[in-house]
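Undergrad: requesting a structural model of the entry that follows:
(2 chains)
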Amino acid sequence: MPEFFRRIYFLLNRRRLERELAHDIAVHREMMSADGRKDFGNPTLLREQATEVWGWGWLERLVQDTRYGFRVLHKNPGFTLIALLALGLGIGANTALFSVVYGVLLKPLPYEKDNQLVVLHQAFQKTGQKNVGFSVKELQDYRQQSRSLAELEEYHQMSFILLDGHEPS
Amino acid sequence: MAKNEMLPGTLGMLILRVLQPGAMHGYAIAQRIHQLSNDLLQVEEGSLYPALQRMLLKGWVKAEWGVSETNRKVRFYRLTPAGRKQLETEMNDFDRVLAGIQAVLQKA
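TA: Numbering: from 1, shown residues only, chains lettered A, B, ... in the order given. Okay, the predicted model is just below:
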């Protein structure tokens, strides 16, 4: 059994193994005092030094610290509420903002070769007019004469009033 | 060297060595090292038990329940085949290092 699995075994059985170790140390002391030797060391500290070798001290401490954290929160409900609200608002606002940024700026367009997509605008230099709409003739010119564009489509908006067969009054 | 001090890294080797003839409990290991070293070396629990735990983890020794000479239920530590190999390696390494140190001390 490789060391890694033994380490896991020690973690899973640590309560029993700690008891056995404590027992070993206790018997050690009994035998020492029977031999007339005194020892004033701290058995708990001793056991902790020995179990530290298992390499799970950080996990034990993490669990302890987390429990302590929850106890403190439990004792201060007002603080807990405010902290949760602040966190919730902070995270929520960020998520909402990111959703917008992602949708508008980052998300790739749902077209093939979307990085080759361009939007054309035309302007009349002489009159200084910008964003002049395309006429059908102009579209044909662009389609036939442009060497940069593979294809060209035009779209525009128009508004209508539906009359349902009646004249407006 | 002060009475209680031991060359760093050698405690593990000494423990493995005294366990070679047969299983022993913790206190007996400490006593045995003390006796065999002509009372020069003293193994404190503070270093013995961490060392034993490390060897259990490495798979060099196994702990099994037994009854001490004082009729107490206690765990005996037994060398595993991996432990025997480790002892051999450590003793060879130690001999080489010691030979090197002595050569320098004598020739310099």
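
Undergrad: how close does the spatially most central residue of chain B get to A:Gly41?
TA: In chain B, the centroid-proximal residue (Cα atoms, centre = their mean) is B:Ile15; its distance is 1.4 Å. Distance of B:Ile15 to A:Gly41, computed by Cβ to Cβ, to the nearest Å: 19 Å. C-beta: built from backbone N, CA, C; applies to glycine.

Undergrad: against which helices or strands is the lengthiest helix in chain A packed?
TA: Longest helix of chain A, by residue count under DSSP state H: helix A:77-101. Judged by 3 or more Cβ pairs under 8 Å, 6 or more residues apart in numbering or on different chains; DSSP states H and E, helix A:77-101 is in contact with helix A:57-75.

Undergrad: any part of the helix it packs on near chain B?
TA: No - applying Cβ under 8 Å from any Cβ of the partner chain, one finds helix A:57-75 separated from chain B by no less than 12.0 Å.

Undergrad: other residues contacting that helix?
TA: A:Leu11, A:Thr51, A:Phe79, A:Thr80, A:Ala83 (Cβ atoms under 8 Å, 6 or more residues apart in numbering or on different chains).

Undergrad: and those as JSON lines, adding neighbour count, pLDDT and distance to A:Gln116?
TA: Output for those, formatted as JSON lines (neighbours: other Cβ atoms under 10 Å in any protein chain shown; pLDDT from 0 to 100; distance: Cβ to Cβ, whole Å):
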{"residue": "A:Leu11", "neighbour count": "14", "pLDDT": "90", "distance to A:Gln116": "56"}
{"residue": "A:Thr51", "neighbour count": "21", "pLDDT": "88", "distance to A:Gln116": "64"}
{"residue": "A:Phe79", "neighbour count": "11", "pLDDT": "94", "distance to A:Gln116": "55"}
{"residue": "A:Thr80", "neighbour count": "14", "pLDDT": "94", "distance to A:Gln116": "53"}
{"residue": "A:Ala83", "neighbour count": "12", "pLDDT": "95", "distance to A:Gln116": "49"}
